[in-house]
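Chemist: just the structure for this:
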Amino acid sequence: MRSIKTLSAASPLYEILPNGAIKVARECPNILADYKREGIPDYLAAVDHSLKITDKKEFKRHLKKQQKRFNKYVRQMKELGLYLVIALQGRDSAGKTGTVDCLNDALYKDAKIFKSVPMGPPTQEELAHPYLWRMGKYDFMPEFGQVRVFDRSWQERLLVEKVMNLTPQYKIEDSYAELRHFEWGLVRHGGILIKLWLDITYDEQGDRYKDREKKKPGKKSPSDDIARAHWDEYTPAANEMFHRNGTAEIPQYVVSSEDKDYCHITVLELITHEMKKRIKAAKQAKKRAEKKSSKKK
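Modeler: Numbers count the residues shown, from 1 in each chain. Predicted structure coming up:
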């Protein structure tokens, strides 16, 4: 595994990182500005699904290394006034639950620090309020030093609600800027926000559905088949979401999960890379503040 390069200000609309992940980090000086729809790349067509880890011993060694690194960074967040929020999206059966388990294992299943938030369809009470209302009503967001992993997130507004026409399109259009502002607020108040899309091929999804029916029949739901039937509609919806809400400050990462081992390693690399940057900046800010305070005394 090679190290991850940092995007420069002169980077294109997206970059394929050395580990194979796609990073969408469009410059967005004004997060509330009107958006002109033009030249949206087909990011999902650029995903390399041939990427895999074949050496199991190497996988276990690297996984242990990355999980240890993740654990170390998480334990540093509280004193720096930071918390971690991970928004997991992706194709149905792309491995979101397994990725959540991988991250939880890295923290030794410490319930005081880690919590998974599975986002299902809104309740009638939630539908009677603005769609982000439930983010504040429940214990969804972490305290300093804690981790929240959203198994599906507020981004569903731009995906299932859009594709299935559950929300008027004029409201969907407003939601891109609303969500950029919401995410900006999280980061401004100490959040390390990492947005991940796990992607698989249509054929692989079919194979996983068949395997799920045999081994985990209770997990298969009618919504799986509905989403599969709308595969071609979810693709442009996801591409537009990446393009409009993957910003230089809060990028959108796209990772192939065709091979689950490769996916887990890559996800950990991306998360720890972002955490390292924010922790370093927070330590520098804390040092400057302490120095300034000591001069006043």
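
Chemist: mind listing the helices for the stretch 101-250 of the chain?
Modeler: Under the criterion DSSP state H, counting those that start in this stretch, helices of the stretch 101-250 of the chain are mapped to 124-127, 133-137, 160-163, 169-188, 202-215, 222-229, 231-245.

Chemist: now tabulate those helices in CSV and tack on mean neighbour count.
Modeler: Bear in mind the C-beta positions are built from the backbone N, C-alpha and C, glycine included. Putting the helices of the stretch 101-250 of the chain into CSV (neighbours: other C-beta atoms under 10 Å) gives the following:
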stretch, mean neighbour count
helix 124-127, 10
helix 133-137, 14
helix 160-163, 20
helix 169-188, 16
helix 202-215, 13
helix 222-229, 13
helix 231-245, 19
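
Chemist: so for residue 51, which of those sits nearest?
Modeler: Smallest distance to residue 51 across the helices of the stretch 101-250 of the chain (C-beta to C-beta): 12.9 Å, for helix 202-215.

Chemist: run the angle between the closest one and helix 231-245 for me.
Modeler: 110 degrees (axes from the mean of the first three to the mean of the last three C-alpha atoms, to 10 degrees).

Chemist: other residues contacting helix 202-215?
Modeler: By C-beta atoms under 8 Å, 6 or more residues apart in numbering, the residues outside helix 202-215 that reach it are 49, 91-94, 200, 219-220, 224, 228, 231, 258.

Chemist: so among these, which ones count as buried?
Modeler: Burial by neighbour count, 16 or more other C-beta atoms under 10 Å: within the contacts of helix 202-215 this picks out 49, 91-94, 200, 224, 228, 258.

Chemist: farthest pair in these?
Modeler: 49 and 224 (19.9 Å).

Chemist: now do the contacts for residue 97.
Modeler: Residues counted as contacts of residue 97 (C-beta under 8 Å, 6+ apart) are residue 151.

Chemist: if we go to 10 Å?
Modeler: Contact partners of residue 97, counting by C-beta atoms under 10 Å, 6 or more residues apart in numbering, are 88, 116, 118, 151, 219.

Chemist: adding pLDDT and distance to residue 210, write those out as a markdown table.
Modeler: Below are the contacts of residue 97 laid out as a markdown table (pLDDT from 0 to 100; distance: C-beta to C-beta, whole Å):
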| residue | pLDDT | distance to residue 210 |
| --- | --- | --- |
| 88 | 98 | 23 |
| 116 | 96 | 26 |
| 118 | 92 | 23 |
| 151 | 96 | 22 |
| 219 | 72 | 13 |
